[in-house]
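Participant: sequence and predicted structure are below.
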Amino acid sequence: MNIDELINIAHEYYRSGNLHDAARMFEEVLEIQPQNTEALYYFGLICYTFGNYDLAIEHLKEVLQLNPNLADTYVTMGNALQKKGQLNEAMSYYKKALEINPDSAEVYQGLGDTFRDQQKPKEAIDCYRKVILIDPERVLVYNKLAILLKDVGKLHEAEDNLKKAIEKEQNCHVYYSNFLFLMNHNPQHDAQIIFHEHLLFAKKFAEPLSRSISPYNNKRSINRRLKIGYVSPDFKLHPVAYFIEPILIEHTREHFEVFCYSDVPSPDDTTKRIQSHTDKWRSIFGVSDEKVAELIREDEIDILVDLSGHASAIRILLFARKPAPVQVSWIGYLATTGLSTIDYRIVDRYTDPPEMTEKFYTEKLVRLPESFLCYLPHKNCPKVSGLPALETGHITFGSFNKIMKVSEEVISLWSKILMGIPNSPYRCRIKQSLRSQ
């Protein structure tokens with residue numbers, strides 16, 4: 001077979017999604033013509049798709065040495081570097097791609113991702129908006145834009161973009177879950193509307209999966225330890241870790257065997273520490289829900305706990321398959337999941353005053369006697385000091401929260417509280433601010 005025939009076959013494999021065979025054919029081309037830019041580029045692109053970013057970069061650099069005018073190659077190089085966290089280098093390749101093709105939606109998407117990872121939301125939002133202007137069918141970008149708009153407190157615009165994403169890709173449960181999460185932060189939605197929307201999600205995405213639930217093989221013995229499994233993408237430096245780690249430490253091991261199903265792409269020191277508190281650790285990143293459900297059944301988990309709900313929606317439909325006989329929602333999500341296959345939700349009398357919120361949950365509420373949270377401070381936290389109010393004579397208020405939670409309604413309520421407290425220095429500041437408007 002000559003070079004042209006090999007390349008044609010490789011492209012056929014590539015178009016059909018048979019990337020392994022496509023890579024093999026492009027490798028054959030490179031054995032005959034090591035400087036064939038087409039084969040180098042596509043082999044690098046396939047390496048990038050498989051997550052082998054170093055090998056992708058190696059081949060793409062060769063392409064650019066042979067031909068420095070290929071915009072697509074600069075973009076793929078930028079994408080690979082961005083995935084590796086080499087953000088400044090990625091930025092330089094995207095800018096070179098723009099010099100060649102200033103109207104490339106793909107370039108602006110890469111730039112947006114890089115600005116996002118550099119914690120520059122304004123620049124990232126501008127880039128994502130340009131992507132949509134150039135190519136309105138890039139559905140994923142509506143979702144990315146919505147997430148950033150949410151983070152900077154533009155909830156209404158974020159919802160609009162998620163609605164567009166859902167409209168364009170109606171079978172994507174992640175977009176819908178992101179929308180549900182966002183609804184909880186938007187004061188225009190009351191609890192009944194939010195609950196109803198969760199039920200619609202369950203009817204569309206979860207109920208079709210729940211119909212295939214099969215009997216369990218768990219051993220029915222009162223003398224064995226119960227197997228409890230926790231599923232989360234947040235077994236890392238993340239707020240959820242501060243609340244779940246003390247639970248794992250204090251589990252009564254003579255009664256429970258503890259499993260963690262970790263969906264963490266890049267484990268860190270917190271991941272390693274949490275892993276040390278478990279009996280069995282399962283990394284499930286990149287594994288399909290169906291395969292994870294099979295693994296949980298094979299582990300014969302008795303109680304499976306979801307720690308993210310719709311807040312990190314990648315695994316919500318794992319629980320629709322009900323791989324364990326008892327399933328629980330806890331910590332990571334502030335509302336019902338809407339799933340009939342999740343039996344319980346752990347709350348307290350503060351989050352859910354008795355006989356007030358039951359109607360907004362599909363789960364049965366289990367109220368812990370005090371707080372539903374158990375917090376483990378960072379090991380380097382300073383010691384707790386004395387109460388400032390004892391020295392100053394007034395109460396000091398503070399809130400550490402994301403801006404999306406600080407709505408106009410919240411600010412108005414805070415203002416009423418502060419204005420009602422005698423001798424509060426904040427009261428004076430608020431009055432002065434009001435007079436100056």
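Facilitator: Looks like it came in fine. Predicted model only: the values in this text are computed from it and were never measured. Numbers count the residues shown, from 1 in each chain.

Participant: and the residue nearest the centre of the chain, what does it touch?
Facilitator: Centroid check for the chain by C-alpha atoms, centre = their mean gives residue 312 as the closest residue, at 4.1 Å. By C-beta atoms under 8 Å, 6 or more residues apart in numbering, residue 312 lies in contact with 232-234, 332. Any C-beta I mention is one placed from the backbone N, CA and C, and that applies to glycine too.

Participant: which of those sits closest to residue 359?
Facilitator: Distance to residue 359 across the contacts of residue 312 (C-beta to C-beta) is lowest for residue 332, with 22.4 Å.

Participant: give me the number of residues near that closest one?
Facilitator: The number of residues packed near residue 332 is 22, by other C-beta atoms under 10 Å.

Participant: and this structure, what are its domains?
Facilitator: Listed by automatic domain parsing, the domain ranges of the chain are 3-205, 226-368, 388-436.

Participant: quick one: the second one to chain centroid distance?
Facilitator: The reference is to domain 226-368. With C-alpha atoms, centre = their mean, to the nearest Å as the basis, domain 226-368 stands 15 Å off its chain's centre.

Participant: before we move on, what about the longest one?
Facilitator: Using C-alpha atoms, centre = their mean, the mean C-alpha position of domain 3-205 is found 16 Å from that of the whole chain.

Participant: and it, how far apart are its ends?
Facilitator: The straight-line separation of the ends of domain 3-205 (C-alpha to C-alpha, to the nearest Å) is 47 Å.

Participant: elements contacting the strand or helix carrying residue 411?
Facilitator: Using DSSP states H and E, residue 411 sits in helix 408-419. Helix 408-419 is packed against helix 425-436, with contacts defined by 3 or more C-beta pairs under 8 Å, 6 or more residues apart in numbering; DSSP states H and E.

Participant: what mean pLDDT does the helix it packs on get?
Facilitator: For helix 425-436, mean pLDDT is 50.

Participant: give me the buried entries from the contacts of residue 312.
Facilitator: Buried members of the contacts of residue 312, counted by 16 or more other C-beta atoms under 10 Å: 232-234, 332.

Participant: what's the farthest-apart pair in those residues?
Facilitator: 233 and 332 (9.1 Å).

Participant: show me the contacts for the closest residue to residue 62 other than its chain neighbours.
Facilitator: Using C-beta to C-beta, 6 or more residues apart in numbering and skipping the chain neighbours, the partner closest in space to residue 62 is residue 40 (5.3 Å). Residues in contact with residue 40 (C-beta under 8 Å, 6+ apart) are 30, 59-60, 62-63, 66.

Participant: follow-up on the earlier one: can you tell me which of the buried ones among the contacts of residue 312 are in strands?
Facilitator: Among these, the ones falling in strands (DSSP state E) are residue 232.

Participant: tabulate the buried ones among the contacts of residue 312 in a markdown table, adding columns for pLDDT.
Facilitator: Shown next, in a markdown table, are the buried ones among the contacts of residue 312 (pLDDT from 0 to 100):
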| residue | pLDDT |
| --- | --- |
| 232 | 97 |
| 233 | 95 |
| 234 | 95 |
| 332 | 93 |
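
Participant: out of the buried ones among the contacts of residue 312, which is nearest to residue 188?
Facilitator: Closest to residue 188, out of all of those and judged by C-beta to C-beta, is residue 332, at 24.0 Å.

Participant: need the phi and psi values for the closest one.
Facilitator: Per-residue torsions, residue 332: phi -80, psi -10 (degrees, to the nearest 10).

Participant: how about residue 187: what's its closest non-neighbour residue?
Facilitator: Distance criterion C-beta to C-beta, 6+ apart; nearest residue to residue 187, sequence neighbours excluded, is residue 409 at 4.5 Å.

Participant: gap between that neighbour and residue 27?
Facilitator: Look at residue 409 and residue 27: by C-beta to C-beta, to the nearest Å, they are 60 Å apart.

Participant: between these two, which is the more surrounded one?
Facilitator: Regarding residue 409 and residue 27, a neighbour count based on other C-beta under 10 Å identifies residue 27 as having more, with 14 against 10.

Participant: check contacts around the residue lying closest to the more buried one once chain neighbours are set aside.
Facilitator: Counting by C-beta to C-beta, 6+ apart, residue 27 lies nearest to residue 43, which is 6.5 Å off, once chain neighbours are set aside. Counting by C-beta under 8 Å, 6+ apart, residue 43 touches 23, 26-27, 30, 59.

Participant: can you check residue 375 too?
Facilitator: Going by C-beta under 8 Å, 6+ apart, the list of residues near residue 375 reads 242-243, 246.

Participant: now do the helices in the stretch 101-250 of the chain.
Facilitator: Ranges of helices in the stretch 101-250 of the chain, per DSSP state H, counting those that start in this stretch, are 105-117, 121-134, 139-151, 155-168, 173-183, 191-201, 207-210, 239-250.

Participant: now those as JSON lines including distance to residue 283 and mean neighbour count?
Facilitator: Formatted as JSON lines, these follow (distance: least, C-beta to C-beta, whole Å; neighbours: other C-beta atoms under 10 Å):
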{"stretch": "helix 105-117", "distance to residue 283": "23", "mean neighbour count": "23"}
{"stretch": "helix 121-134", "distance to residue 283": "29", "mean neighbour count": "18"}
{"stretch": "helix 139-151", "distance to residue 283": "25", "mean neighbour count": "22"}
{"stretch": "helix 155-168", "distance to residue 283": "29", "mean neighbour count": "19"}
{"stretch": "helix 173-183", "distance to residue 283": "21", "mean neighbour count": "22"}
{"stretch": "helix 191-201", "distance to residue 283": "28", "mean neighbour count": "16"}
{"stretch": "helix 207-210", "distance to residue 283": "23", "mean neighbour count": "15"}
{"stretch": "helix 239-250", "distance to residue 283": "16", "mean neighbour count": "17"}
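
Participant: which residue, other than its chain neighbours, is closest to residue 254?
Facilitator: Spatial nearest neighbour of residue 254, chain neighbours left out: residue 225 (7.1 Å); criterion: C-beta to C-beta, 6+ apart.

Participant: now swap in residue 49 and tell me
Facilitator: Leaving aside its chain neighbours, residue 49 sits nearest to residue 19 (6.3 Å; criterion: C-beta to C-beta, 6+ apart).
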